[in-house]
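Student: A structural model of the following input is requested.
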Amino acid sequence: MTSPRRALLVHAHPEPSSFSSAQADAAAAALANRGLIVDRIDLHADRWQPVLDRHEFPAATDPFKPQAEQMRAVAAGTLASDVRHDLDRLLAADLLVLSFPLWWFSVPAILKGWIDRVFVVGATFGGDLGLFEAAAFAGRQAVLSVTTGGPPASFARGGAFGAIEDFLYPIHRGVLEFVGYRVLPPVLTYGPAHLTDDDRVEALHAVSEAFATIGDCVARTGDMTVTAQSYP
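Tutor: Predicted coordinates for the structure are as follows:
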């Protein structure tokens, strides 16, 4: 009997009643309804410490080289307990969902710090592992669940801000694909603060449908025929 697939959803918004948090709830519920075991990390609720510095490595040498210290800590089994805990959850997941509002055209600092500390060199890439298809998460999937402040037209190519794909590319390529993930098209809700209540309900329904499709595809290993999703 095949074991249930696992998803890790990492959420980064400081307000539990925000639309971004409601979108994360909808994503988690849809994946669970498709039979996935959903593990959820709420970085603000957990008071995650995002700063990667030498205090994390008591035996660090001078000059301080974070990646070298991460590799030494992996080999010695001395990673910080919070990092080891979340790294184990990450390594156990078939699907990674990064849930966040687009701030300054990128991820919030707390999520970037989680990536800095948990995507550990020697455990997710590098060392005995390679990059991209040779990294730790080859054969697994990842998807971004994003809310924006502006409407779709602002994030179109030639729009006021430029194409949304351009802002997400460094995350897709430089973070997720870099450690081996197959990146699925992002699930996007544009400008939820400017939507009516009815439109927000409709947008959350669309998010649920998108993640239900993703959940079905992840459950059927290797069948990843997922199309891009943008709402409203």
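Student: Show me where this protein dips below the pLDDT cut-off.
Tutor: 1-2, 220-232 (pLDDT under 70).
Student: Now with 50, please.
Tutor: Applying pLDDT under 50 to the chain flags the ranges 1, 222-228, 231.
Student: what residue lies at the spatial centre of it?
Tutor: Closest to where the C-alpha atoms of the chain average out (CA atoms, centre = their mean) is Leu98, at 2.1 Å.
Student: Which residues does stretch 53-70 contact?
Tutor: 52, 72-73, 78-80, 83, 116-117, 120-123, 126 (CB atoms under 8 Å, 6 or more residues apart in numbering). Yep, even glycine has a C-beta here, placed from its N, CA and C like the rest.
Student: try it again with 6 Å
Tutor: Here stretch 53-70 makes contact (CB atoms under 6 Å, 6 or more residues apart in numbering) with 52, 80, 120-121.
Student: Give me the distance between the two termini of it.
Tutor: Taking CA to CA, to the nearest Å, stretch 53-70 runs 11 Å from one end to the other.
Student: just stretch 170-190 next, same as before
Tutor: Using CA to CA, the two ends of stretch 170-190 sit 20 Å apart.
Student: That stretch: how far from the chain's middle?
Tutor: 8 Å (CA atoms, centre = their mean, to the nearest Å).
Student: Now do the buried residues in that stretch.
Tutor: 171-172, 175-190 (16 or more other CB atoms under 10 Å).
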